[in-house]
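Visitor: with the sequence up front, the predicted model follows.
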Amino acid sequence: MSKLELAAMNCHHRFYPLEEFFASAASNGYKKVELWTGPQHFYMDHERYDSIDKLKQLEQRYHLKIIGICPEQTNPKPNNMAAREQDMQDRVYHYFCNAVDVACELQAQQVVVTSGWAFLDEPKQEAWKRSVTMLKRIAQYAQANGMKLAIEALQENESVLANSAQDLARLLDEVDESALNICLDMGAMARANDTIQTYFETFHDKVIHCHFVDVNEEITHLAWGDGKRDMRCDLQDFMKYGYHGILSVECVNQRYFKEPFTADAASMRIFEEHIKEIDK
């Protein structure tokens, strides 16, 4: 019997209230959700964050569990792991400490992080060093509070720092903190010509989370059925390597903004069909 479980994400629900996301996730059969901290849903910065009680009430009302926090951190958001100026570095550190605190209060499983990004007119290695330093500090804070971090690769149009499994392996080695684990983002994985096998044979049980999306030649982070990946083969690969984490459907394409619940329903329907066949 498969232990894999699908989680919904609220990224593409950005033009609806947060409660609509919880309501539609529950009606579409999800039991778990991952919270993207878009300010229209849950405001968080380096100084403060919205009431956790609001989130706990939504969990109880819709019988859903928030399993992870996905903070805003790609350009042009200010929360850059490789920030250069000292004032910005201080804000970034406190922002991610707040994300860890939120995850702890919710008894979530992990906080997703990235390498951050470099300015294109600076030596890449300088930004890399800043990223390592910041990740180490935040990982130490997470460890002290009993929380795990899960770092995902970014695509080349997002950052030049960590795009592949090989890049992430080097980053983990240099940060050298047990709290820092891996989030397998299937969009970034596909763009780097990596595979599920590559990730598990590189990181083994350090892969604790996944952004599970369909992909085609031009677009990543699609709802399942809108790309060209074979979900059944992908699920079998996760099972082959004994993965027992959550698969979060991180749809971020604007095509889903008007009817995000329809995309969530399609992903769940295809998932349930394949799991049923695999479990026969």
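Guide: Arrived safely, thanks for sending. Computed from a prediction, not measured in an experiment: that's the story for all the values here.
Visitor: read off the pLDDT value for Ser2.
Guide: Ser2 is assigned 69 on the pLDDT scale.
Visitor: also Ala265?
Guide: Reported pLDDT for Ala265: 99.
Visitor: what does Glu217 give?
Guide: The per-residue pLDDT reported for Glu217 equals 90.
Visitor: now do the contacts for it.
Guide: Listed by C-beta atoms under 8 Å, 6 or more residues apart in numbering, the contact partners of Glu217 are Lys228. Every C-beta, even on glycine, is put in place using the N, C-alpha and C of the backbone.
Visitor: which residue ranges form the strands in this protein?
Guide: Using DSSP state E, the strands of the chain run over 5-9, 32-36, 65-70, 110-113, 148-151, 180-185, 207-211, 246-249.
Visitor: for the last one, the distance to its chain's centre please.
Guide: Pointing back at strand 246-249 there. How far strand 246-249 lies from its chain's middle: 9 Å, per C-alpha atoms, centre = their mean, to the nearest Å.
Visitor: now do the third one
Guide: For strand 65-70, the distance between its averaged C-alpha position and the chain's averaged C-alpha position is 9 Å (C-alpha atoms, centre = their mean).
Visitor: direction included, what does it pair up with?
Guide: Here strand 65-70 is paired, per DSSP bridges, with strand 32-36 (parallel), strand 110-113 (parallel).
Visitor: of the ones you listed, which is nearest Arg170?
Guide: Closest to Arg170 of those is strand 110-113 (C-beta to C-beta; 15.7 Å).
Visitor: what comes up buried for the closest one?
Guide: By neighbour count with 16 or more other C-beta atoms under 10 Å, strand 110-113 contains the buried residues Gln110, Val111, Val112, Val113.
Visitor: can you pull out the low-pLDDT segments for this protein?
Guide: Within the chain, the stretches with pLDDT under 70 are 1-2.
Visitor: before we move on, the earlier item: so for Glu20, which of the strands paired with strand 65-70 sits nearest?
Guide: When these are compared by C-beta to C-beta, strand 32-36 sits nearest Glu20, at 12.5 Å.
Visitor: ok, and what's touching that closest one?
Guide: The contact list for strand 32-36, computed with C-beta under 8 Å, 6+ apart, reads 5-11, 21-22, 25, 41-42, 55, 64-70, 72, 108, 112, 246, 248, 250.
Visitor: residue contacts, Asn37?
Guide: Quick fix: residue 37 is Thr, not Asn. With contact taken as C-beta under 8 Å, 6+ apart, Thr37 is in contact with Tyr43, Met44, Ile69, Cys70, Pro71, Glu72, Ala99, Val102.
Visitor: ok, it to Ile67 distance?
Guide: Computed as C-beta to C-beta, to the nearest Å, the Thr37 to Ile67 distance reads 14 Å.
Visitor: from Trp36, how far off is the closest residue to Leu58 other than its chain neighbours?
Guide: Among residues not flanking Leu58 along the chain, Phe22 sits closest, at 4.6 Å (C-beta to C-beta, 6 or more residues apart in numbering). Distance, Phe22 to Trp36, using C-beta to C-beta: 13 Å.
Visitor: what does Ile270 give?
Guide: Counting by C-beta to C-beta, the gap from Ile270 to Trp36 is 22 Å.
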